[in-house]
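Student: I would like to see how this sequence folds:
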Amino acid sequence: MSSNSFSYNEQSGGGEATELGQEATSTISPSGAFGLFSSDLKKNEDLKQMLESNKDSAKLDAMKRIVGMIAKGKNASELFPAVVKNVASKNIEIKKLVYVYLVRYAEEQQDLALLSISTFQRALKDPNQLIRASALRVLSSIRVPIIVPIMMLAIKEASADLSPYVRKNAAHAIQKLYSLDPEQKEMLIEVIEKLLKDKSTLVAGSVVMAFEEVCPDRIDLIHKNYRKLCNLLVDVEEWGQVVIIHMLTRYARTQFVSPWKEGDELEDNEKNFYESDDDQKEKTDKRKKPYTMDPDHRLLIRNTKPLLQSRNAALEILTNLANEANISTLLREFQTYVKSQDKQFAAATIQTIGRCATNIVEVTDTCLNGLVCLLSNRDEIVVAESVVVIKKLLQMQPVQHGEIIKHMAKLLDSITVPVARASILWLIGENCERVPKIAPDVLRKMAKSFTSEDDLVKLQILNLGAKLYLTNSKQTKLLTQYILNLGKYDQNYDIRDRTRFIRQLIVPNEKSGALSKYAKKIFLAQKPAPLLESPFKDRDHFQLGTLSHTLNIKATGYLELSNWPEVAPDPSVRNVEVIELAKEWTPAGKAKQENSAKKFYSESEEEEDSSDSSSDSESESGSESGEEGDSNEDSSEDSSSEQDSESGRESGLENKRTAKRNSKAKGKSGSEDEEKENEKSKTSDSSNAESSSIEDSSSDSESESESESESESRKVTQEKEKKTKQGRTPLTKDVSLLDLDDFNPVSTPVALPIPALSPSLMADLEGLNLSTSSSVISVSTPVFVPTKTHVLLHRMSGKGLAAHYFFPRQPCIFGDKMVSIQITLNNTTDQKIENIHIGEKKLPIGLKMHVFNPIDSLEPEGSITVSMGIDFCDSTQTASFQLCTKDDCFSVNIQPPVGELLLPVAMSEKDFKKEQGMLTGMNETSAVIIAAPQNFTPSVIFQKVVNIANVGAVPSGQDNIHRFAAKTVHSGSLMLVTVELKEGSTAQLIINTEKTVIGSVLLRELKPVLSQG
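Tutor: Model prediction:
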């Protein structure tokens, strides 16, 4: 099946492999009753010969072709014997591809796979982690009970591997082994328990999935790992996040009490109103006690909150939570979403605003006014979606909003989205009697453009004409007849049918039926307002995200969530004790005294200023626990004895860590003190504490021995830190929907994620920066994809084979530095064209090409689209190559427009100006454009620029400046485009980029386009 072969001529020995393939192909006879099957057989024989070759280049080429066959869904199982012989190859690339093949077919060819099982076992010790993982995957794919002990041993060894990728595959293998032999459950649970302690985010999702498959009822395995899983949740891949959230949701329903119990307690108090004073006093005390959320419950909610930023279900969740109390907060959030660079997300937000306006009557007018403001937005998608939502809202109370309808009528001159134009025409038609002067003029304009309108708009023009004919016949009779005549001969049969129906209904004649008398009632009947509701309505009894929730039917295998427990189980089971520090553990009440007794600094310092030492010790424990120490002090008055003991345990744990660091630091030099101070700064919460530790470390580095002045500096620093904490202690009691961290004013030491992380894991995580503002360049989706195609091979030149290509403006799947190109091949003959492939390539130095897989045959009048990738090295050089069939080769070439060498970039206006300021002088080119004012409207400029170049729009706070940003595909250099409108009919086009040649070419292409009408 050479139709799936790749061309890798740049590799050594590739020429021989290609020759071998061509010789085998040339012996194939296309004629005969079994020509097709003999052809396939011969081609597979060709691959077998290449796999048995002595040269690695031929084997590698064969394996790439075979993997390509698998990727396209073709059966390559008959090659198993030839492939499995190469499993012991010394070439790492060949070995990788062999394992990819074996993972796919090991289950089907179990007997042959068993013959090489010793090789797989040796591969488990391979230095390359990918080989070790692949060998384990192949072993677990051989579903033969006889090798269960071997698989069990391999899984145990892999679970202790140094590579997290191998450990991840060990977790995957657990599920396969369990399905093969459930009797191994107890041994597999031991491995799961071990992997649950793994600190790698790569392993977390896989081991939790294994836990859910093998032993979902063993909640005791989760206790010690609960806080770690909560903290790692945000960094796990999406698949793992879903699995972990499902498991933690089940865990939470068994370990924490319900947060919705305040109403029940009040009811009980009201029922027992007539009781003795003692009983009433006892009940009153109970009523005063507020619900206190378990810190671990709070930790779960806090760590799942960042996942709302994935946008997948954020709008749906926020809309379902909306009520009169929080709607103002939500609307402020929605205002930010509407400004998103992702226009589809912005459009979905506008729909959400419409749903909120429908559900909450108090904010209907506010939402309506906000949507009207969006009608002046520069982005047409936002405007169009606003029009559609406004139309639905106005149906509920059209009498009060005549001015809005007039305003929307004016938008017909600028809006081009068919759905929005149709919505405006429908609104005007429904309210034609309320806007008697505007409606006829709108019909006049629509009659002019009727033939060029979309079919959806044409139907609404016909409806508008009919309604005006019935209500204002004097002004619109001739216009309506003209439109009906146009519709009578329209190409769309729906429009022709609607035209005939309306003519018979509204224009009385001899053939008119009885319905003509009721035409006005039919067209102008009161329409019910649309119901804007969630697609997930009445599905809240199913767990969110499950198949049952999606289908709204209980699916097979669905597990109901357990009810909240009446009394929460002991929370101490989630505490992780550090055994090696047991001797240094101290109770919370005595921690400060014992710490102060330890010699933190040198003895001379302690003698000179013992009070400083004690305050230092207090400050250290405070900086180590961060907000936890404050939380202990804040909650000590209101907390129960159980909570106090819990706080004590946690505080003790923190003191153990502090004591360990103090004991290590005792008697050390200044440089070691500096490391200790830096370590403290890592665990500190406030920026002031961090800066103070930096000051300490800098003062330490100035001198090898610590002096009195350094001690004084520490004293001042720690006083500042103490003041900072005191200023931070008061907590707000306002419930904020969008800030889940502060919805419960009571906090305890367990709530912070820091105790659940080991110091080594914290060091790994500290380098991560989740802020979106850290990187200026972020590739976004293309805002516009031109449908223009270019001729690659004319059918006359190609003897009936025609080829066209176009640029889909998507990242290339074959390489980050390649431009994606789609080629459409057409067979215009009445004969089948065979073996279409790329032949000789004549590329300039530096250019690279990833060709499409050869096509076996193309039927007469058939068509097929294939993908290629070309690295043009940020230049407009021509890529020349041969497009070949079985019998002929045709020289073709592709020269990219400069605008297709770019990828759109999303950035803020501030970042744009910052980058532009660094790309001046030689990196800036500009030109003056002269054009008619109507060509300088925002929508026209936007459309013209994105049609020429694959750039992203940058938000602008000035109406006369339009900004666009992109980066080059090969080097990633920024390309900043600015169109600044001047007085009169002139504008200045500015391009800033390091790639001055590309910038100059882009300027030459944009200038005439922006100038023309």
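
Student: in the stretch 501-650 of the chain, what spans have low per-residue confidence?
Tutor: Within the stretch 501-650 of the chain, the stretches falling below the threshold (pLDDT under 70) are 510-513, 530-540, 578-650.

Student: swap in the stretch 751-900 of the chain?
Tutor: Under the criterion pLDDT under 70, the flagged ranges of the stretch 751-900 of the chain are 751-777.

Student: cool, and the chain?
Tutor: Within the chain, the ranges that satisfy pLDDT under 70 run 1-43, 261-289, 308-313, 397-401, 510-513, 530-540, 578-777, 1013.

Student: Helices along the stretch 101-250 of the chain, start to end?
Tutor: Defined through DSSP state H, counting those that start in this stretch, the helices belonging to the stretch 101-250 of the chain, from first to last, are 110-115, 117-123, 129-141, 148-159, 164-180, 185-196, 201-214, 220-223, 226-232, 238-255.

Student: In JSON lines, list the ones you listed along with mean neighbour count and distance to A347.
Tutor: To be clear about C-beta, it is placed using only N, CA and C from the backbone, and glycine gets the same treatment. Compiled in JSON lines, the helices of the stretch 101-250 of the chain are given as follows (neighbours: other Cβ atoms under 10 Å; distance: least, Cβ to Cβ, whole Å):
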{"stretch": "helix 110-115", "mean neighbour count": "14", "distance to A347": "52"}
{"stretch": "helix 117-123", "mean neighbour count": "16", "distance to A347": "51"}
{"stretch": "helix 129-141", "mean neighbour count": "23", "distance to A347": "43"}
{"stretch": "helix 148-159", "mean neighbour count": "18", "distance to A347": "47"}
{"stretch": "helix 164-180", "mean neighbour count": "21", "distance to A347": "38"}
{"stretch": "helix 185-196", "mean neighbour count": "18", "distance to A347": "42"}
{"stretch": "helix 201-214", "mean neighbour count": "23", "distance to A347": "32"}
{"stretch": "helix 220-223", "mean neighbour count": "16", "distance to A347": "41"}
{"stretch": "helix 226-232", "mean neighbour count": "22", "distance to A347": "34"}
{"stretch": "helix 238-255", "mean neighbour count": "18", "distance to A347": "23"}
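
Student: Tell me which of these sits nearest to D856.
Tutor: When the helices of the stretch 101-250 of the chain are compared for distance to D856 using Cβ to Cβ, the nearest one is helix 110-115, at 27.7 Å.

Student: for that closest one, the distance to its chain's centre please.
Tutor: Relative to the chain's own centre, helix 110-115 is displaced by 41 Å; criterion: Cα atoms, centre = their mean, to the nearest Å.

Student: tell me which strands and helices it is in contact with?
Tutor: Identification of packing neighbours for helix 110-115 by 3 or more Cβ pairs under 8 Å, 6 or more residues apart in numbering; DSSP states H and E yields helix 80-84.

Student: can you list contacts of the helix it packs on?
Tutor: Applying Cβ atoms under 8 Å, 6 or more residues apart in numbering, the external contacts of helix 80-84 come out as 47-48, 51-52, 63, 66, 98, 101-102, 105, 109, 112-113, 115-116.

Student: Using PDB, write out every CA atom in it.
Tutor: Extracted in PDB, the C-alpha atoms of helix 80-84 (Å, rounded to 0.1, in the frame of the first residue of the first chain):
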ATOM      1  CA  PHE A  80       3.400  -8.300  11.600                       C
ATOM      2  CA  PRO A  81       6.100 -11.100  11.100                       C
ATOM      3  CA  ALA A  82       8.300  -8.800   9.100                       C
ATOM      4  CA  VAL A  83       7.900  -5.900  11.500                       C
ATOM      5  CA  VAL A  84       8.400  -7.900  14.700                       C
END
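
Student: which parts of it are buried?
Tutor: Using 16 or more other Cβ atoms under 10 Å as the test for burial, helix 80-84 gives F80, A82, V83, V84.

Student: do stretch 852-864 as well
Tutor: F852, N853, P854, I855, D856, S857, L858.

Student: Please narrow these to those residing in helices.
Tutor: By the criterion of DSSP state H, membership of the buried residues of stretch 852-864 in helices covers no residue at all.

Student: Output those in a markdown table; the columns should cover distance to M293.
Tutor: Rendered in a markdown table, the data for these read as follows (distance: Cβ to Cβ, whole Å):
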| residue | distance to M293 |
| --- | --- |
| F852 | 58 |
| N853 | 58 |
| P854 | 63 |
| I855 | 63 |
| D856 | 64 |
| S857 | 67 |
| L858 | 66 |
